[in-house]
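Student: sequence plus predicted model, see below.
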Amino acid sequence: MAAEDKCYLGFDLSTQQLKVTAIDDELKVISEFKMSFDEDLSEFGTSGGAEIQSDKLTVTAPVLMWVKAFDLVLEKMKNSKFDFTKVQSLSGSAQQHGSVYWKDGASDTMKNMPANRYLHYILESSFSVKDSPIWMDSSTSSECQNLEKAIGGPERLAEITGSRAYERFTGNQIAKIYKKYPQQYKDTERISLVSSFLATLFLGSYAAIDYSDGSGMNLLDIRRHVWSEKCLDACAPGLKEKLGNPMPSHAVLGTISPYLIERYGFNPDCKIVAFTGDNAGSMAGLRIEEGDIVVSLGTSDTVFFSVKDPKPAVDGHIFCNPVDCESYMALVCFKNGSLTRERIRDECANGSWDEFSKALKETTPGNSGYIGFYYDVLEITPAAIGIHRFAPENCKLHEFPKEVEIRALIEGQFMSKRLYAEALGFKLRKESKVLATGGASVNLDILQVLSDVFNSPVYTIKTSDSACLGSAFRAKQGPTGKAFRDVIKTGPEPKLVVRPSPESEKAYCVSRFQMLEHSIMHSCDMPE
Ligand SMILES: Nc1ncnc2c1ncn2[C@@H]1O[C@H](COP(=O)(O)OP(=O)(O)O)[C@@H](O)[C@H]1O
Ligand SMILES: O=C(CO)[C@@H](O)[C@H](O)COP(=O)(O)O
């Protein structure tokens with residue numbers, strides 16, 4: 001087949017949407033499609049792709065909404081005359097930690113799927129838990145305590161799995177389902193991550209969990225690449241069988257399902273490469289080099305970098321690296337990301353990103369000493385809640401002028417990222433690049449603050465959907481057996497978008513920020 005007749009697909013099922021990017025054999029983007037959960041699937045009634053339950057801690061998403069989004073995005077491609085016969089291989093990524101519970105009999109249903117019916121009808125009764133727990137959930141504190149106790153403390157758990165027990169991590173979520181809904185757990189034949197669930201829809205049979213996304217479960221021994229028996233036993237009985245064996249992130253899991261060949265005209269040889277976490281997908285899309293750091297500004301904010309000799313800590317995570325078996329991916333996640341920026345935009349900038357940007361332009365690096373912490377919901381890093389504003393002399397204030405509030409939000413978010421990334425082992429070098437991605441990375445005024453706080457140049461790639469692009473790159477690489485960096489070396493390079501402003505070097509005092517953060521940790525009204 002001629003090079004111009006080949007293409008590769010990368011999907012991303014993130015918190016707010018399902019997106020797909022198609023690339024050609026030279027790694028150039030040829031088309032992009034997306035389905036937004038709130039807008040295109042409004043019948044499910046989600047807000048930002050999620051449902052917050054009445055306890056305010058349990059956060060879920062309807063699994064059938066994701067299946068319907070899958071149907072609709074493929075239909076959209078078909079309607080736009082996308083040529084499925086050209087797809088050589090595909091891969092994908094998804095929001096991390098969320099879990100999908102397949103009911104007894106679902107694998108039999110998948111063996112015989114009539115191509116004239118939508119998948120969301122065919123799989124209507126195939127899930128034992130209809131509302132999947134997602135990464136925003138923080139309802140499993142007692143399960144976390146149990147797990148840490150069973151394993152010998154948070155440090156020991158982090159040593160084995162890369163992270164101390166976190167509420168959103170899948171092992172703790174499964175433990176809650178087992179305790180609260182024992183019959184549903186019993187009726188479950190397979191548990192997928194959101195990433196391996198999406199891969200399953202393409203394969204038409206259960207897809208393995210990959211090592212990288214598997215690292216976000218508090219269940220995988222990240223050095224030996226096997227489930228930790230002790231962790232499994234501490235979470236729920238019979239769990240190993242329900243999870244299946246984990247696989248390398250570059251593994252070819254099989255070929256596309258007969259259902260999708262018949263319904264959309266996919267090439268029967270189209271290979272499915274293991275799906276992974278969205279941050280891992282972004283790492284693949286951004287061509288990160290040693291000394292670089294990625295700041296992802298999606299629904300969640302994350303900061304991550306590659307590390308050879310990881311030192312798991314009690315803040316932040318170590319995941320298996322999705323594109324380099326010799327190294328790891330260190331990541332810190334912040335729950336109050338884009339949705340908090342949107343709230344402040346609505347309250348202080350009339351709902352306009354342009355006005356929000358104007359406020360950033362009219363204020364100066366360091367915000368004349370005004371610092372704010374904005375935790376609308378219980379934050380992951382640090383575990384704090386509430387809005388806390390400080391004057392230059394460190395006394396607490398009830399409000400800031402609007403433009404000061406906007407800068408305080410953005411500076412506080414980025415100072416926190418720098419602080420926690422450095423605590424997890426990141427060392428800023430002279431040649432370090434900050435690679436920005438995610439929805440808010442289109443905003444150059446936000447990126448200017450990022451550049452100032454890290455005192456480093458900020459780079460982006462053409463698309464803010466780096467997870468889709470990285471997944472398409474991984475789709476191309478998986479079947480070749482070659483090193484990832486060799487396959488993508490001709491691909492597009494990140495471009496410089498902003499440099500730190502001259503006054504930024506002396507504008508930020510990280511130790512003062514840290515001291516104020518400690519003070520609020522002791523004053524926060526934490527939920528029960
Ligand atoms: N111009 C902008 N400035 C700041 N933030 C923006 C801008 N455009 C979009 N966003 C933010 O991007 C977010 C979506 O990011 P995205 O990475 O697509 O989310 P996810 O992948 O988690 O579904 C929106 O919630 C919105 O707040
Ligand atoms: O929990 C984490 C990472 O540990 C989140 O980053 C989720 O993976 C959600 O991703 P986005 O939808 O915000 O990109």
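Tutor: Received the coordinates, thanks. Ligands and ions are numbered 1, 2, ... in the order given.

Student: for stretch 153-163, which positions count as buried?
Tutor: Burial within stretch 153-163, assessed by neighbour count using 16 or more other C-beta atoms under 10 Å, is assigned to Pro154, Leu157, Ala158, Glu159, Ile160, Thr161, Gly162, Ser163. No exception for glycine: its C-beta is placed from N, CA and C like everyone else's.

Student: can you give the contact residues for that stretch?
Tutor: Stretch 153-163 is touched from outside by 147-148, 151, 164-165, 169, 215-222, 228, 230-231, 310, 312-314, 316-319, 328, with contacts defined as C-beta atoms under 8 Å, 6 or more residues apart in numbering.

Student: low pLDDT regions in the protein?
Tutor: Per-residue confidence for the chain (pLDDT under 70) gives these ranges: 524-528.

Student: switch the cut-off to 80
Tutor: Along the chain, the model assigns pLDDT under 80 to residues 1-4, 464, 522-528.

Student: what about Phe414, how many residues close to it?
Tutor: The burial count assigned to Phe414 is 24, neighbours taken as other C-beta atoms under 10 Å.

Student: list the contacts of it.
Tutor: Neighbouring residues of Phe414 by C-beta under 8 Å, 6+ apart: Val295, Val449, Leu450, Val453, Phe454.

Student: need the contact list for the closest residue in space to the last one that isn't next to it in sequence.
Tutor: By that I understand Phe454. For Phe454, ignoring the flanking residues on the chain, the nearest one in space by C-beta to C-beta, 6 or more residues apart in numbering is Val434 at 5.1 Å. Neighbour list for Val434: Asp292, Ile293, Val294, Val295, Leu450, Ser451, Phe454, Ser456, Pro457, Val458, Tyr459 [criterion: C-beta under 8 Å, 6+ apart].

Student: ok, now Val458?
Tutor: For Val458, the residues meeting the contact criterion (C-beta under 8 Å, 6+ apart) are Lys433, Val434, Leu435, Ala436, Leu447, Leu450, Ser451, Leu496, Val497, Val498, Arg499.

Student: how about the residues of the stretch 151-300 of the chain by ligand 1?
Tutor: Residues of the stretch 151-300 of the chain found near ligand 1, taking C-beta under 6 Å from any ligand atom as the criterion, are Gly298, Thr299.

Student: show me which residues of the stretch 151-300 of the chain sit near ligand 2.
Tutor: Applying the criterion C-beta under 6 Å from any ligand atom, the portion of the stretch 151-300 of the chain that neighbours ligand 2 consists of Arg168, Gly216, Gly277, Asp278, Asn279, Gly298, Thr299, Ser300.

Student: which of those has the most neighbours?
Tutor: Neighbours were tallied for each of these (criterion: other C-beta under 10 Å), and the maximum of 33 neighbours falls on Asp278.

Student: how near is it to Arg156?
Tutor: Remark: distance between Asp278 and Arg156 (C-beta to C-beta, to the nearest Å) = 28 Å.

Student: same deal with Gly48?
Tutor: Summarising the geometry, the distance separating Gly48 from Arg156, computed by C-beta to C-beta, is 35 Å.

Student: try Gly491
Tutor: Counting by C-beta to C-beta, the separation of Gly491 from Arg156 is 40 Å.

Student: tell me the SS of the residue nearest to Lys462 when sequence neighbours are not counted?
Tutor: Distances taken as C-beta to C-beta, 6+ apart place Pro492 nearest to Lys462, at 6.6 Å, with adjacent residues excluded. When the structure is reduced to helix, strand and coil (DSSP: H, G, I helix; E, B strand; the rest coil), Pro492 reads as coil.

Student: and Pro492, its phi and psi?
Tutor: Its backbone dihedrals place Pro492 at phi -70, psi 140, with angles given as degrees, to the nearest 10.

Student: the helix ranked longest in the chain: which residues count as buried?
Tutor: Taking DSSP state H as the assignment, the helix of the chain that covers the most residues is helix 402-423. Residues of helix 402-423 classed as buried under the neighbour-count rule (16+ other C-beta under 10 Å) are 403-421.

Student: so is the helix or strand just after that helix next to ligand 1?
Tutor: Reading on from helix 402-423 to the C-terminus, the next helix or strand found by DSSP states H and E is strand 434-437. No. Remark: strand 434-437 sits outside contact range of ligand 1, by C-beta under 6 Å from any ligand atom, the gap being at least 7.6 Å.

Student: report the beta-bridge partners for Leu331.
Tutor: Going by DSSP bridges, Leu331 is paired in beta bridges with Phe304, His317.

Student: enumerate the residues of the protein near ligand 2.
Tutor: By the criterion of C-beta under 6 Å from any ligand atom, the positions of the chain lying close to ligand 2 are 14-15, 95-97, 135, 168, 216, 277-279, 298-300, 302, 333.

Student: which ones among these lie within helices?
Tutor: Mapping those onto helices (DSSP H) picks out Asp278, Asn279.

Student: from Ala383, how far out is whichever residue of the chain sits closest to ligand 1?
Tutor: Scanning the chain for proximity to ligand 1 using C-beta to the nearest ligand atom identifies Gly439 as nearest, at 2.0 Å. The span separating Gly439 from Ala383 equals 25 Å under the rule C-beta to C-beta.

Student: just want to know which of these two has more residues nearby.
Tutor: Gly439 (19 against 16).

Student: list the contacts for the more buried one?
Tutor: Gly439 touches Leu297, Gly298, Thr299, Ser338, Ser464, counting by C-beta under 8 Å, 6+ apart.

Student: same deal with Phe319?
Tutor: 162, 212-213, 215-216, 222, 277, 279-280, 328-331.

Student: which SS state does the residue lying farthest from the centre of the chain fall under?
Tutor: Among the C-alpha atoms of the chain, the one farthest from their average position, using C-alpha atoms, centre = their mean, is that of Glu393, at 37.4 Å. When the structure is split into helix, strand and coil by three-state DSSP, Glu393 lands in coil.

Student: residue contacts, the residue lying closest to it once chain neighbours are set aside?
Tutor: Setting aside the residues directly before and after it, Glu393 is nearest to Gly369 in space (C-beta to C-beta, 6+ apart), at 8.0 Å. With contact taken as C-beta under 8 Å, 6+ apart, Gly369 is in contact with Ala391, Pro392, Glu393.

Student: that older thread, can you list which of the contacts of stretch 153-163 are found in helices?
Tutor: Secondary structure assignment by DSSP H places Leu147, Glu148, Ile151, Lys230, Cys231 of these in helices.

Student: the last one reaches Leu147, doesn't it?
Tutor: Yes. With contacts defined as C-beta atoms under 8 Å, Cys231 counts as touching Leu147 at a distance of 6.8 Å.

Student: pick out whichever of those two has more residues nearby.
Tutor: A direct count of neighbours by other C-beta under 10 Å for Cys231 and Leu147 places Leu147 higher, at 26 against 22.

Student: so what's the nearest residue to that one once chain neighbours are set aside up against?
Tutor: Setting aside the residues directly before and after it, Leu147 is nearest to Ala165 in space (C-beta to C-beta, 6+ apart), at 4.7 Å. By C-beta under 8 Å, 6+ apart, Ala165 lies in contact with Glu143, Cys144, Gln145, Leu147, Glu148, Pro154, Leu157, Asn172, Asn218.
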